[in-house]
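[1] coords please:
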Amino acid sequence: MLQGKCLYPDILPTYGTFYLFPDGNDLVYASRFPRKGAHTGCYEKKHFHSK
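    Reported below is the predicted structural model:
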């Protein structure tokens, strides 16, 4: 599990930090909570800046 901020406000709010759960090589599940089951969606890794 990683943490990161979304770089594009049209996808997710850029002011929030999200928990990122890898799904394959180029995708992550983004969640406001440290549980994959509470994710808001699956997105490309390039849309996030990891901490």
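[2] State the helix or strand in which residue 22 lies.
    Under the criterion of DSSP states H and E, residue 22 resides in strand 17-23.
[3] How far does that strand sit from its chain's centre?
    4 Å (Cα atoms, centre = their mean, to the nearest Å).
[4] now swap in stretch 24-38 and tell me
    Computed by Cα atoms, centre = their mean, the chain-centroid distance of stretch 24-38 equals 6 Å.
[5] Check stretch 16-26 too.
    What separates the centre of stretch 16-26 from the centre of its chain is 4 Å, taken as Cα atoms, centre = their mean.
[6] tell me which residues in it are buried?
    For stretch 16-26, burial by neighbour count (16 or more other Cβ atoms under 10 Å) applies to 18, 19, 20, 21. Using the backbone N, CA and C atoms, a C-beta is placed for each residue, glycine as well.
[7] and which of these is nearest residue 44?
    Sorting those by distance to residue 44 puts residue 20 at the head of the list, at 11.3 Å, by Cβ to Cβ.
[8] For the closest one, name its beta-bridge partners.
    The partner list for residue 20 in beta bridges (DSSP bridges) reads residue 2, residue 30.
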